[in-house]
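Enquirer: fold the stuff below for me.
(one chain, ligands or ions: 1)
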Amino acid sequence: MSGALRGRVVVVTGASSGIGAATAKMLSGEGAKVALAARREEALLGVQSGLEAGAESLVQPTDVTDRGEVKALVERAGGELGPVDALVNCAGVMYYTLMKNAREEEWDRTVEVNCKGALNCVGAVLPGMLGRGRGHIVTVSSDAGRKVFPGLAVYSATKFFVEALSQGLRLETAGTGVKVTTIQSGNVATGLRALSDDGEALEQYGQPTGARVLDPEDVASSVVYALKRPDHVSVNEILVEPRDEPV
Ligand SMILES: NC(=O)c1ccc[n+]([C@@H]2O[C@H](COP(=O)([O-])OP(=O)(O)OC[C@H]3O[C@@H](n4cnc5c(N)ncnc54)[C@H](OP(=O)(O)O)[C@@H]3O)[C@@H](O)[C@H]2O)c1
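Expert: Residues are numbered from 1 along each chain as shown. Take a look at the predicted model:
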């Protein structure tokens, strides 16, 4: 494969749909070797079959909340594709819900996947990256990591978490060759919103504004932009939003 990212090994979580699938495809088109991870194997295989002929990739069903599965993913990617150059932390869930409705299981799930899942992935790749003196950890955060949206209090809190985590990681790894990026995306046309069934929250806060929202490829191209910068350049944060929905 030719392309600016030729031969780079990238692990993409949440690669079975939406932004993660678009990112894996775009990275592969740039010549990267991609390890596709999420829970739904059939969907991952569908994404893999859409990659260009000659693309190097692997599919590994992975629940990011399971630390052992995440470590196995990174080990397999390292063994079959080569040492992991970049991680794209994209797996996530989002539930529109009102705090007063106390959807505790949804709160737990959001924290488990968005916070602990991201930590499991960082923990699995960071030692290797530090050992090799190079690496890039990209997390698909949200504009909800900059501003809290009503109806999305817990989700916003998890995105503030990944922003804080990434800031701390960036400060601590300065000088080691590791880069840390967050992509703060606004509304994207994916299946994410369909997870929500708190009708009250959806009615009050979850109605479309009518603005043209982003396509998954709009966010994927931000990830690719960050990964393509020269070694000495770090794109720390990208805020990418529908033109008519500024925060
Ligand atoms: N859509 C938006 O408007 C928007 C805006 C800002 C940020 N984001 C962020 O973008 C990311 C991707 O979301 P999306 O919009 O592309 O929605 P999506 O199509 O629903 O994608 C979510 C991905 O996360 C994976 N996932 C969920 N739980 C997982 C788990 N326990 N282990 C492994 N993978 C898991 C899903 O795969 P499986 O179900 O196969 O496991 C799926 O691939 C999320 O972090 C989200 O917060 C989205």
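
Enquirer: for the most centrally placed residue in the chain, which residues are in contact?
Expert: Nearest to the geometric centre of the chain sits C90, at 1.7 Å (CA atoms, centre = their mean). Neighbour list for C90: 12-15, 19-20, 23, 140 [criterion: CB atoms under 8 Å, 6 or more residues apart in numbering]. (Each C-beta comes from the backbone N, C-alpha and C, glycine too.)

Enquirer: K159 now?
Expert: K159 is in contact with 114, 141-142, 144-145, counting by CB under 8 Å, 6+ apart.

Enquirer: check it and give its pLDDT.
Expert: At K159, the pLDDT value in this model is 98.

Enquirer: just the contacts of C90 that are near the ligand?
Expert: Residues of these in contact with the ligand (CB under 6 Å from any ligand atom): 13-14, 19-20, 140.

Enquirer: mind putting these into TSV with neighbour count?
Expert: Listed next are the ones next to the ligand among the contacts of C90 as TSV, based on neighbours: other CB atoms under 10 Å:
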residue	neighbour count
T13	30
G14	28
I19	28
G20	29
V140	30
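
Enquirer: in CSV, list those residues along with secondary structure and pLDDT.
Expert: Formatted as CSV, these follow (DSSP: H, G, I helix; E, B strand; the rest coil; pLDDT from 0 to 100):
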residue, secondary structure, pLDDT
T13, strand, 98
G14, coil, 98
I19, helix, 98
G20, helix, 98
V140, strand, 98
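
Enquirer: widest-spaced pair of the residues you listed?
Expert: Spanning the widest gap among those are T13 and I19, at 10.8 Å by CB to CB.

Enquirer: so the residue lying closest to R132 once chain neighbours are set aside, which state does it fall into?
Expert: Distances taken as CB to CB, 6 or more residues apart in numbering place P83 nearest to R132, at 6.0 Å, with adjacent residues excluded. Here P83 is coil, with the state taken from DSSP: H, G, I helix; E, B strand; the rest coil.

Enquirer: does P83 touch R134 like I think?
Expert: No - P83 lies out of contact with R134 (CB atoms under 8 Å); the separation is 9.1 Å.

Enquirer: residues making contact with the host helix or strand of G123?
Expert: Element membership for G123 (DSSP states H and E) is helix 118-132. Residues outside helix 118-132 that contact it (CB under 8 Å, 6+ apart) are 11, 13, 64-67, 70-71, 73-74, 78, 83-84, 87, 89, 135, 137, 139, 161-162, 165, 169, 173, 176-178.

Enquirer: that helix close to the ligand?
Expert: No - figure legend: helix 118-132 not in contact with the ligand (CB under 6 Å from any ligand atom); closest approach 8.6 Å.

Enquirer: cool, and stretch 99-115?
Expert: Yes - Stretch 99-115 reaches the ligand (CB under 6 Å from any ligand atom) through V113.

Enquirer: buried sites along that stretch?
Expert: In terms of neighbour count (16 or more other CB atoms under 10 Å), stretch 99-115 has its buried residues at 103, 106-107, 109-115.
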